[in-house]
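[1] Have a look; sequence and predicted model below, questions after that.
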Amino acid sequence: MTAASSLAFPGSRTLAAWARQLAPHQPRALWVGHLFWHVVEAPVRAVRQEPLDPLYGWVLRAVAAEQRAPPASTPEPFLGRLDRRLHLGLPLLRQVLRALATEGLVKPGSLDRWQLSDLGSSALAHSAYPRVRQERRQFHFVAPGGGNQSAEVAPHFLHVNGVAGTPWPEGEQAGFDVKVLHSCIGQPGAWKEQHRFPEEVQEVVQATFGTPALGWEQVIVDRPERLPAALVLSGDEGQLLGFAVRQERWMLNADHPMFTLRGDWHGPLPDLAVAMTEENCRRAWQDWCCSRELPAAEVNACRVQAENLHLRVTPPPALAERLRDSRAVKGETWLLAGEGALRAALQMQIET
Amino acid sequence: MSQWERPASGSSAAVAAAPGVLGAERPNGVDSSRPLPPRWEEIFQGASPSQQQELLTLAGRQGLLYAHQLPPANGSRHAPASGVAQRVAHFLEGHPQELAPVSAPGVAMLDQGLDAGQREAVARALATPDVCLIQGLPGTGKSRVAAEIIAQAAGRGERVLLLASTPPALDRILHFLRERDVICAVRCLTPEENAECLPPWLRDLTFPEKVRSLREHSVQCARRGQEQAEERCRRRQQESSRWPRLLELAESLERLEQARMALRNRHAGMEEEVRQEAAALENSGEVPCMNEFHAALDACRQARDRELTQLDAALETASKQQADCHQSLEHLQALAEPLRRSRQQTHWWSFARLRTLFTGNIAARLARLEGEIASARATFEERAQEVRRLTSSRASSAEAAQQRLAALLQQQTRGRQDQLHAQEEALAHEAALLMNKWEDLNRELDPGEVPVAATAAAVLAARDAWQVQAASDEERCTFARQWSNYLADGAEALAERLPGYINLVAATTAALPADPHFGDAAAGRQTFDLLVLEEATHLSESAFVVLAGRAARWILIGLPAAAAETAPSAKSAAGKSSRSAPGLSGTRTEFFQRLWQHLHADPSGLPYAWVQEGERICCRLRPVAPEQRRWLECERVADFPEIELRILTLPRQPPVLAEVLFPATMTVHQAKEYLYRELQEFPVQAPGRSMVWVEVPEQLTLRLSPTPAADAQPVALENGVREWVGRAPAEQLGLHPTAVWHTCRIEFDRNAGWDRARAEAWVRDHLQIRDPGRTAYLEVPYRMTPPLAAVLWDVLFEEFRAPGREMADHAPAVEFVAVPPLTHGRGQRERIKRGGPRGLNTLTTLSALPRSGAGLELDLAVPRHAERLPPELRANLPRRGLVNYLEAQAIVRRLENLISGGQATGNQIAVIALYPAQVELLRRMLQNSPTLRQASPPVQVDLPSGLRQQEFDIVLVSLTRSNALNAVSFGEGPQALTLALTRACRHLVLFGDVGTCVRRSQWQGALEHLDESAAARVAQVFARLVGYLQGHGWHATAFHVNEGSKI
């Protein structure tokens, strides 16, 4: 468990700089903080529709033709006949056939008589085929509640592009439940499309539960990670963009979002809405004022309203006067609202 | 290739953007100062076997592994060899007990000539999940085994990386594999090599040549195939017009045949036809159309009828007359009868008697009547005869008429048949003409496509088959055209993909990293399922770790430790080139030998010994040092007092049973049974250095000796388990002077329920030797004949005695030609009889060998030495170097005798000299010899390194050195010497100065360029050689000293 209080957050200047960096994305809201996720490396069976490689296509055609060919007056080995068509040489031809067999497009018969499989025939007819692969893949599941293990909401799949965080030393109790991955695989296509879950992943290839895995390939590994990030609610379409941050000197990689969520981003990241509540905004304002030793009564009397990236504060005249005199508000002032690992970043605007 | 892909990102987009290994590049947002977490694969591969098993078990129990449960991994993510290093370290530093033993199931060998030990080596190499070491002395078939392993692995779809220190080692294995089309091999060139200098079959294996073949040969062949297909299609088009004609002809021929058949049928039925026609005419009297035949027939019948009618009338008259006569006769008979009865009546009271009495003249009347009766009878007879005559006449007439009729019918039949025959002949003639046309047309078709018969059905069937073939040809033509175009356009792309289809990459350890296609810098670093590392003896651990990162499993092939010290190193092999092979171990045998010692279960190292003590057999259960023998206490077995137990009671140590002494009456088999039954001891003294499992359907055999003992007898241990014990061969006595019994094999009967796993477990339990199944030792020398191997192994590798193969060849296999001859007071012959193990035979020996050299060597750098050579030879020799002209002359004379005597051809002989200048001198002298100049192929003369991985029937070795003053080195060192001596298969002839050899054998310490260790090895070799010169060798009968008189 990682307490949000122990996490570091960027200051106002950093936030101001990030706001400028993120301006091209037309941010409507900005959250910063730490994403906690499980990086699950799992063996899966993936099926992708792939175009038939031209060379493979020719070899399949040749195999099919030799299968159909009328019997010759002088019996000749199948591979010999095939090579008389292709002229690749038997060693190379064998390797190409073996590659085709690995793809499931041909199958060897007795006496080296290769023949098209059903998949091969289909591939030949459609110039494409569903390519089945068993591979180890990484899936990111964002942990709600800032990695707080007491959160009852299950981790949610997040489609993340090539980032890596720092290890999140979590105990065994908060470990990832493989059922979450299984349930994602079992979701309908619309869900997968919405959350950009790889549709080609058909199943988790795993040894029978309770028995030792046959090999290292069948083992699922869960690595909890933490990654400083800035999240932007962008444009009119309301898509949420996630940007990775390097904690050292708070460097934001604003060029390439590490993930994009369209539509229902509250599902994967319910903490974001929590951070934006009026109460949190007011508390952020109060904390800011408190650190400047402003009178609590005047501070509490302020009207505070979050609007897009701004925290509009309408102070009573006395406080407004006090703020002006004390020069507490210089340039852009950014506040962080919320108490979790992800907090809303708001630029303070004093309405007078 | 594994069916598993490397981990990729879960995102399809990410896969498209960065396919391949996840984390191969540092992703966004990662602190560059922080090392990336190691991948699971790396962690797992770096774990010890026990850790691996624990992790797998844990994963199975939990369903997954958590990060905190993973063991720490050493090294960075970008050092793929780090996991390998850990694995290697586990093998070197861990406990062999941690390794799950590899059970190698029997493999159907492609090379049927492999022996059981070699098969076991192949099976173990294929079955190992990680590493397998194969060891053997030169000529024991290591390359052949490597070739079989590679062929088998390739047949299973694996990619193999074959590495060796030197190109000849690679090429020898590739040579074994060149007929295997299951292998698509590439031979990487070293920087020093030029493809043009390689033999054609090897050149074809180089990558540029393969690409060229693909670009040129395949494209050309495809074009040629296209042209042939098009030509065939054109021919098909021409042939297509022939089928209607063939069909028409066939139909005509069929019609003709039908007509002929009808004629033949009519011909056959003509007699009946005519007969029926005649019958119809006779019955109805009418015929549809009257013809000549009918008229004749009618006339014939009418004549018959007339004649018969006349005869019938006469017959009727005669018959009537006959009847009248008969009637008259009967009347007369009736009249005469009462008279006869009256006269003949004897009873006087009868009426007839009375009438006779009262009627007179009865006799007269009776006589008259009798006369009339006789007359009437005669008339009747006449008439009857007339009737018979007439009846006969009628029958004759009827028959004659019938014959005339039949003749008429026959004549008619024949006439008509003649007509039919003529018609049939006409039809046959017509058919023959058509058949000629048929055959002419058929000749234009392929023989296989000709209709089987000249019938419409056959033509249609043949046409259908032809159409199928034509369609196939058309399809082939289209395919050939398109394929040819594809190849022409896509040959480059295909060439780029070629590395992916190569399933055997053969490279030297030095050349691989720099290879553009398979090296470290190649695009998409190639990985392999299996690494076969030949000449692994001299590789360092660090170099191996780098190489091993390329493959999942490793097969290391090398020499035994003692042999490795004398065997050629890659460093010396690379000595010819400017750069030396990297990764050669400073302490040469360290890594391979350490690994071997760690993994190999050597049954010959078991502490047991069965020895003879007088007439009693003693089983030594543990070695007892001479100084410890005083602590031995004897105790007799209570219920078997003839058996004596010797218990070692060392101070402050618990007593242990050390030896068991059996009575003279007990055989070794009884002793063994007793020990197993009563003491549960299974003391096995094994002569072999490895355990080889041989499986046959009925039984499993653990072979502990490479050769069967002729006198071995079984010892029944338990149900279905037998130990075969025999006498140790003489050469084994050298290792254990008093050990006389050894175990050849242990057999397990499958019928008794033994299988491989159970038998292995039994062996582990009883033999107390755990074989991880990752090593194989090749013991049987194949390159050399048994006598040659026996002598050479004795001289070069004293610790490794050649297994006692049958030595049928009694001709000396090794000959030492003394130059100068020994007869001039330099050696004295005497016949001695030696006893003991090292002098089993009565030999003619040289008791007093010269103790110093003759000084025949010439240093070309010294002018006065060079002047001793003939001017024509001196001219082009190197300015520096050692030559021995007298020795060279002796070699040339021997060569001339061999060649002119037809004992060998040029390619069966090689001459090896230990010094380059001597090589050059010999080459010139061979050129000057008319006999040898004409030898085809020419005799090879080279340094030892030049003939690496080659073998010849006869090898002549010029030792060259002949120094009168000092002990001198021979060649580069022990490696070169070993290489020179192990090239021969059948006969080895050494030319040398005996005195120099003797002095070399006596020199202790470093010498010239040799350090102390190398110099000592050479000295040992020469000491054993001198021993043979003195007749002291183990196999002295296979060694012959030519004292020089016959040179």
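    In hand now; what should we look at? Numbering: from 1, shown residues only, chains lettered A, B, ... in the order given.

[2] Any idea which helix or strand in the chain has the lowest mean pLDDT?
    Here I'm looking at chain A. helix A:271-275 (a mean of 79; mean pLDDT, DSSP states H and E).

[3] Actually, chain B is the one I wanted.
    helix B:12-17 (a mean of 34).

[4] how many other residues sit next to the one residue in the stretch 451-600 of chain B that gets nearest to chain A?
    Across the stretch 451-600 of chain B, no residue is closer to chain A than B:Tyr501, which sits at 4.0 Å (C-beta to the nearest C-beta). Just so you know, the C-beta spots here come from the backbone N, C-alpha and C atoms, and that holds for glycine as well. By other C-beta atoms under 10 Å in any protein chain shown, the residues close to B:Tyr501 number 21.

[5] buried ones in stretch B:367-375?
    B:369, B:372-373 (16 or more other C-beta atoms under 10 Å in any protein chain shown).

[6] Average pLDDT for that stretch, rounded please.
    In this model, stretch B:367-375 has an average pLDDT of 88.

[7] So which of the buried residues of stretch B:367-375 is the closest to chain A?
    B:Ile373 (103.5 Å).

[8] Quick check: that closest one touching B:Ala336?
    Yes: between B:Ile373 and B:Ala336 there is a contact at 6.1 Å, judged by C-beta atoms under 8 Å.

[9] circling back: mind checking which of the buried residues of stretch B:367-375 land in helices?
    Assignment to helices by DSSP state H places the following of the buried residues of stretch B:367-375 there: B:369, B:372-373.

[10] just for the stretch 701-850 of chain B, where's the confidence low?
    B:729-739, B:799-811, B:823-847 (pLDDT under 70).

[11] Quick one: the strands in it, in order.
    Remark: strands assigned in the stretch 701-850 of chain B by DSSP state E, counting those that start in this stretch are B:713-718, B:721-727, B:741-749, B:775-778, B:814-818, B:828-833, B:842-848.

[12] Could you point out which of those sits nearest chain A?
    Across those, closest to chain A is strand B:775-778 (C-beta to the nearest C-beta), at 23.8 Å.

[13] That closest one: partners in the sheet, and parallel or antiparallel?
    Partners of strand B:775-778 in the sheet, by DSSP bridges, are strand B:131-136 (parallel).

[14] Please identify the most buried of the strands of the stretch 701-850 of chain B.
    Mean neighbours per residue, mean count of other C-beta atoms under 10 Å in any protein chain shown, is largest over the strands of the stretch 701-850 of chain B for strand B:775-778, with a mean of 27.

[15] one step back: would you mind confirming that the residue of the stretch 451-600 of chain B closest to chain A is in contact with A:Leu93?
    No: using C-beta under 8 Å, B:Tyr501 is not in contact with A:Leu93; the gap is 9.4 Å.

[16] Now the common contact residues for the two.
    Residues touching both B:Tyr501 and A:Leu93 by C-beta atoms under 8 Å, 6 or more residues apart in numbering or on different chains: none at all.

[17] What is the neighbour count of the single nearest residue of the stretch 101-250 of chain A relative to chain B?
    Nearest residue of the stretch 101-250 of chain A to chain B, counting by C-beta to the nearest C-beta: A:Ala244, 2.5 Å away. A:Ala244 has 27 neighbours, counted by other C-beta under 10 Å.

[18] Does it belong to a helix, a strand or coil?
    Under DSSP: H, G, I helix; E, B strand; the rest coil, the three-state class of A:Ala244 is strand.

[19] likewise B:Leu214?
    helix.

[20] Report the contact partners of the residue of the stretch 451-600 of chain B closest to chain A.
    Taking C-beta under 8 Å, 6+ apart as the definition, contacts of B:Tyr501 comprise A:92, A:95-96, A:99, B:184.

[21] if you set the cut-off to 10 Å instead, what comes out?
    A:55, A:88, A:91-96, A:98-99, B:159, B:184, B:186, B:210, B:494 (C-beta atoms under 10 Å, 6 or more residues apart in numbering or on different chains).

[22] which strand in chain A runs the most residues?
    strand A:27-51 (DSSP state E).

[23] quick one: the next helix-or-strand element following it to strand A:27-51, angle?
    Reading on from strand A:27-51 to the C-terminus, the next helix or strand found by DSSP states H and E is helix A:54-68. Orientation of helix A:54-68 against strand A:27-51 (axes from the mean of the first three to the mean of the last three C-alpha atoms, to 10 degrees) gives an angle of 30 degrees.

[24] Pass me the low-pLDDT residue ranges in the stretch 151-300 of chain A, would you?
    In the stretch 151-300 of chain A (pLDDT under 70), the answer is A:151-152, A:170-174, A:207-214, A:236.

[25] Stretch B:777-796: how far from the chain's middle?
    Relative to its chain's centre, stretch B:777-796 lies at 25 Å (C-alpha atoms, centre = their mean, to the nearest Å).

[26] Restrict that stretch to CA atoms and write it as CSV.
    C-alpha atoms of stretch B:777-796 as CSV (Å, rounded to 0.1, in the frame of the first residue of the first chain):
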residue,chain,number,x,y,z
TYR,B,777,32.0,-40.2,-23.8
LEU,B,778,33.0,-41.8,-27.1
GLU,B,779,35.5,-44.5,-26.4
VAL,B,780,35.9,-46.5,-29.5
PRO,B,781,38.5,-45.3,-32.0
TYR,B,782,37.2,-45.6,-35.5
ARG,B,783,39.5,-43.6,-37.6
MET,B,784,42.5,-45.8,-36.9
THR,B,785,42.8,-49.6,-37.2
PRO,B,786,42.8,-51.2,-33.8
PRO,B,787,46.6,-51.8,-33.7
LEU,B,788,47.3,-48.2,-34.8
ALA,B,789,44.9,-46.8,-32.2
ALA,B,790,46.3,-49.1,-29.5
VAL,B,791,49.9,-47.8,-30.1
LEU,B,792,49.0,-44.2,-30.7
TRP,B,793,46.7,-43.9,-27.7
ASP,B,794,49.3,-45.5,-25.6
VAL,B,795,52.0,-43.1,-26.8
LEU,B,796,49.8,-40.0,-26.9
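
[27] Not counting its neighbours along the chain, what's nearest the residue of the stretch 451-600 of chain B closest to chain A?
    Excluding the flanking residues, the one nearest B:Tyr501 by C-beta to C-beta, 6 or more residues apart in numbering or on different chains is A:Gln95, at 4.0 Å.

[28] Next, count neighbours for that neighbour.
    23.

[29] What count of nearby residues applies to residue 204?
    I'll assume chain A. Neighbours around A:Val204, by other C-beta under 10 Å: 20.

[30] should've been chain B
    By the criterion of other C-beta under 10 Å, B:Asp204 has 18 neighbours.

[31] Report the contact partners of it.
    A:89, B:178, B:185, B:187, B:195, B:198, B:210, B:212-213, B:217.
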